[in-house]
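Participant: turn this into a model:
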Amino acid sequence: MGKIKVTTCEIEGLKVIEPTVFGDERGYFVETYNYKDFAEAGIDCQFVQDNQSSSKKGVLRGLHFQKEFPQDKLVRVVSGEVFDVAVDLREGSSTYGKWFGVVLSAENKKQFFIPKNFAHGFLVLSETAEFAYKCTDFYHPNDEGGIIWNDPDIGIEWPIPKDLELVLSEKDKKWEGISSLKK
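Facilitator: The predicted model follows:
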């Protein structure tokens, strides 16, 4: 090991990963993923799909999850800065409905591992941000679920400046709260 530093979070399963950055006057090199290092750190997954999105300041994407085909995700920011959030949706979990957030940026190069059965979302804090993530299952459009970003039952403390106008998709404006998920 030694190439990555893994910090566990208050919610079991969530992990913040800090890769080793090798820099000099030319720039830097960083290994963003190495199966052996991640497996040794307890993240033993087979990723099958990589995705990347670009968003402008104030865009809030989420909170999304897959219902029948849940995905582990390894997320990072290629350029810019976001506040990234995961919400525990694991049935029977002692932290069900709890959230954890972390700032991910091109500068800090942190990555966030989010296991299956968590809702996920992020808020763009910089002028623009490119967000990249690996998934352990393919995306199934008819399997998507979501929770409204400002659900008071969850109480996410989004770092929204007073003058920032949020930009949400029509779909993300219509999600209900976490209480709608209980059967």
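
Participant: shaky segments in this protein?
Facilitator: 1-2, 183 (pLDDT under 70).

Participant: just the strands in it please.
Facilitator: With DSSP state E, the ranges of strands along the chain come out as 4-8, 15-19, 21-24, 27-30, 49-56, 60-66, 73-79, 81-88, 99-105, 111-114, 118-124, 128-135, 144-146.

Participant: for the first one, buried residues please.
Facilitator: Going back to what we said before, that points to strand 4-8. 4, 6 (16 or more other Cβ atoms under 10 Å). (C-beta placed from N, C-alpha, C; glycine too.)

Participant: paired strands for it, with orientation please.
Facilitator: Take DSSP bridges as the rule and strand 4-8 pairs in its sheet with strand 15-19 (antiparallel).

Participant: just want the angle from the partner strand to strand 99-105.
Facilitator: 20 degrees (axes from the mean of the first three to the mean of the last three Cα atoms, to 10 degrees).

Participant: how far does strand 15-19 sit from the chain's center?
Facilitator: 12 Å (Cα atoms, centre = their mean, to the nearest Å).

Participant: so for residue 160, which of the strands of the chain sits nearest?
Facilitator: For residue 160, the closest of these is strand 118-124, at 7.0 Å, according to Cβ to Cβ.

Participant: what's next to that closest one, contact-wise?
Facilitator: Strand 118-124 is contacted from outside by 13-14, 55-65, 73, 75, 80-90, 104, 114, 131, 145-147, 149, 158-160, 166, using Cβ atoms under 8 Å, 6 or more residues apart in numbering.

Participant: may I have the strands that pair with it, each with its orientation?
Facilitator: Strand 118-124 sits in its sheet next to strand 60-66 (antiparallel), strand 81-88 (antiparallel), going by DSSP bridges.

Participant: mind checking which of those strands is nearest residue 173?
Facilitator: strand 60-66 (10.0 Å).

Participant: what about the closest one, distance to the chain center?
Facilitator: Distance of strand 60-66 from its chain centroid, counting by Cα atoms, centre = their mean, is 9 Å.

Participant: reformat the strands of the chain as JSON lines; add distance to residue 43.
Facilitator: Below are these laid out as JSON lines (distance: least, Cβ to Cβ, whole Å):
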{"stretch": "strand 4-8", "distance to residue 43": "8"}
{"stretch": "strand 15-19", "distance to residue 43": "7"}
{"stretch": "strand 21-24", "distance to residue 43": "19"}
{"stretch": "strand 27-30", "distance to residue 43": "17"}
{"stretch": "strand 49-56", "distance to residue 43": "16"}
{"stretch": "strand 60-66", "distance to residue 43": "19"}
{"stretch": "strand 73-79", "distance to residue 43": "7"}
{"stretch": "strand 81-88", "distance to residue 43": "14"}
{"stretch": "strand 99-105", "distance to residue 43": "16"}
{"stretch": "strand 111-114", "distance to residue 43": "5"}
{"stretch": "strand 118-124", "distance to residue 43": "14"}
{"stretch": "strand 128-135", "distance to residue 43": "11"}
{"stretch": "strand 144-146", "distance to residue 43": "24"}
